[in-house]
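Asker: I'd like to go over a predicted model; first the sequence, then the structure.
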Amino acid sequence: MSNNYGRRGMGTGPAPAHHASEPLISRYARGDASIPGDEVWALEAHLESCALCRARLAAAVESAAPAVTGLVGGVWSELAPLLPTTAPMPRRRRWAVPLLAWASPVMMPWICTTVLVTLLAVLFDRVSGSGIDFVLLLAPVLPVLGVAASWARALDPAYELTAGTPRAGLPLVLRRTTSVLVVVISLLTVAGWITGTTVAQWLLPCLAFTTGTLALGGLIGMTRAAAGLVLVWAAVIVTPIMAAVDRTPFAFRTDALPVWAGVLALGLAVVIARRGSYALLGPLR
């Protein structure tokens, strides 16, 4: 993008700011399909916050694409009389903005399932008498399916539309993952308080599995990554515990915390190194 963006003074500010070049604005106004995708995304993201470049684009459209100008004018002439009689959208409460804006629209079924599974884990812990901490057993993999639901082609019918926007990619993935963790950590905190499971026992494994899902998801797809991690956890940890082979596996011991911290750090490193893969419309996403 360095060849298409120059430094132009804003006129009133103390320092110059980056703006799109005239050739790029003109090509975009004409609908030039040969503009690289990364340049189109960067330009559209820049236009969202730059009134000067939006004005330049409007002027370019008038001269380079008069048909578009006529179409916009016709639509506006029909909408303008309706605006005074249209009720404005109600303002959202400030506390609800992050959760509503960051969460994926298809996450509601997953949230309901997560609540139900957590309640069942608490119930089993109370009535089974087996000595198995079901909340602790569930905690590491509880966010995995939520992460997959937040950024997976197979689970989100609007995935292509979302992934094709200028703001798609790792920032959007991280915002949606944060919304998943808010739900999961809140549920596990309450469930742990009821069953006596401390946060120190499940927080690091929970975060490690979350970053592991994101890291593997950038390589093989979120759905496959989530399913694979759940199967590994079930085979290596859940099955021996349920079969009374190992009631206290290494994964839940205090000396395993450095291992979980290392897995968390490795997952974060892979996610950052492959951050560009989350903006691709590949077949595995």
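Answerer: Sure thing, it's come through.
Asker: all contacts plus neighbour counts: C-alpha atoms, from now on.
Answerer: Noted.
Asker: How many residues are close by the residue nearest to Arg54 when sequence neighbours are not counted?
Answerer: Nearest in space to Arg54, with sequence neighbours left out and distances taken as CA to CA, 6 or more residues apart in numbering, is Leu47 at 5.8 Å. For Leu47, the neighbour count with other CA atoms under 10 Å is 17.
Asker: in terms of contact, does Leu47 touch Ala55 like I think?
Answerer: No. With contacts counted by CA atoms under 8 Å, Leu47 stays clear of Ala55, the gap being 9.5 Å.
Asker: The residue positioned nearest the centre of the chain: which element?
Answerer: In the chain, the residue lying closest to the centroid (CA atoms, centre = their mean) is Val173, at 2.3 Å. When secondary structure is defined by DSSP states H and E, Val173 falls within helix 170-195.
Asker: Please identify the buried residues of that helix?
Answerer: Buried residues in helix 170-195, counted by 16 or more other CA atoms under 10 Å: 170, 172-181, 183-185, 187-189, 191-192, 195.
Asker: and if you look at stretch 194-204?
Answerer: 195, 197, 201-204.
Asker: Pull out the buried positions in stretch 49-66.
Answerer: Buried, per 16+ other CA under 10 Å, within stretch 49-66: 53-54, 57-61, 64-65.
Asker: follow-up on the earlier one: as TSV, the buried residues of stretch 194-204 with pLDDT, secondary structure and distance to Ser34 would be great.
Answerer: What follows is the buried residues of stretch 194-204, written out as TSV (pLDDT from 0 to 100; DSSP: H, G, I helix; E, B strand; the rest coil; distance: CA to CA, whole Å):
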residue	pLDDT	secondary structure	distance to Ser34
Thr195	81	helix	60
Thr197	80	coil	57
Gln201	82	helix	54
Trp202	86	helix	50
Leu203	87	helix	48
Leu204	89	helix	47
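Asker: Let me have these in a markdown table, adding distance to Trp233 as columns.
Answerer: Conversion of the buried residues of stretch 194-204 to a markdown table gives the following (distance: CA to CA, whole Å):
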| residue | distance to Trp233 |
| --- | --- |
| Thr195 | 22 |
| Thr197 | 19 |
| Gln201 | 16 |
| Trp202 | 14 |
| Leu203 | 16 |
| Leu204 | 15 |
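Asker: Val40: which of these is nearest?
Answerer: Leu204 (39.4 Å; CA to CA).
Asker: For Gly146, see how far away the closest one is.
Answerer: Using CA to CA, to the nearest Å, one gets 17 Å for the distance from Leu204 to Gly146.
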